[in-house]
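[1] Would you be able to build a 3D model of this:
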Amino acid sequence: MTATDLPAPKRPWNKGVLVGQKRPLIAREVWAIRVRLEMAGDARELALFNLAIDSKLRACDLLALAVEDVFAGGRAKDRATVVQRKTRRPVHFEISPQTRTSLEGWLRRRPSVPSRYLFPSRVAPGGHLSTRQYARIVHRWIRSIGLDSTAYGTHTMRRTKASAIYRATSNIRAVQLLLGHAKLESTVRYLGVEIEDALSIAERIEL
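    Got it, this is the predicted structure:
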């Protein structure tokens, strides 16, 4: 067997890909994306973006939301509860006034398709927006405000408001409940609380 007969080395799946925890967005970045979606008149993506931030749900749970999960009597609810696929535990989330407005705007423009899902698929009859398509949408949002999309992902949307709540309150138990984590340790690891707190302390010390 010659060198040319040998199979080509397999390219590592993560070559050139930034792995690890994805960064949350900060307030000005959230607003920058939101303003762009509003100016573009994209009712679906504005509702999806706002609900992703408020709900703090994993992508699979966010995309599986049915219209009745967040609407009652044609109006968006103030709060909602869903059962997470991963843990089978219920999780509660608030729906802010601006998110309710965007959801109601989307419901008026949502295609009349045979699907119960809030964000129906455009290619799979009766299905919902896929996690792969959602990931592409999230990366497009990130790039639209000039950020490196490899540092962000769908978990960015889940972490964004949770991280802001922790920074504002230091109430890790509240964040645990909002994320639906069974163990407090999971929330600590998820937010990177220990290293963030350590760095914050270090930054206040001058020698």
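[2] What segments of the protein are helices?
    Along the chain, counting by DSSP state H, helices occupy 27-40, 43-55, 59-63, 67-70, 97-109, 131-144, 154-169, 172-179, 184-191, 193-203.
[3] Out of those, indicate the one that is most buried.
    Mean neighbour count (mean count of other Cβ atoms under 10 Å) peaks for helix 43-55 among these, with a mean of 23. Where C-beta positions appear, they are placed from N, C-alpha and C, glycine not excepted.
[4] Spatially central, which residue of the protein would that be?
    Nearest residue to the geometric centre of the chain (Cα atoms, centre = their mean): residue 157, 2.5 Å.
[5] looking at it, that residue is touching residue 52, isn't it?
    Yes: the criterion here is Cβ atoms under 8 Å, and residue 157 meets it with residue 52 at 3.9 Å.
[6] Now for the two: what residues contact both?
    residue 62 (Cβ atoms under 8 Å, 6 or more residues apart in numbering).
[7] Over to residue 115: give its phi and psi.
    According to degrees, to the nearest 10, the main-chain angles of residue 115 amount to phi -150, psi 140.
[8] Am I right that it is in contact with residue 127?
    Yes: assessed by Cβ under 8 Å, residue 115 is found in contact with residue 127 at 6.7 Å.
[9] Pull up the overlap in contacts between these two.
    Common contact partners of residue 115 and residue 127 (Cβ under 8 Å, 6+ apart): residue 121.
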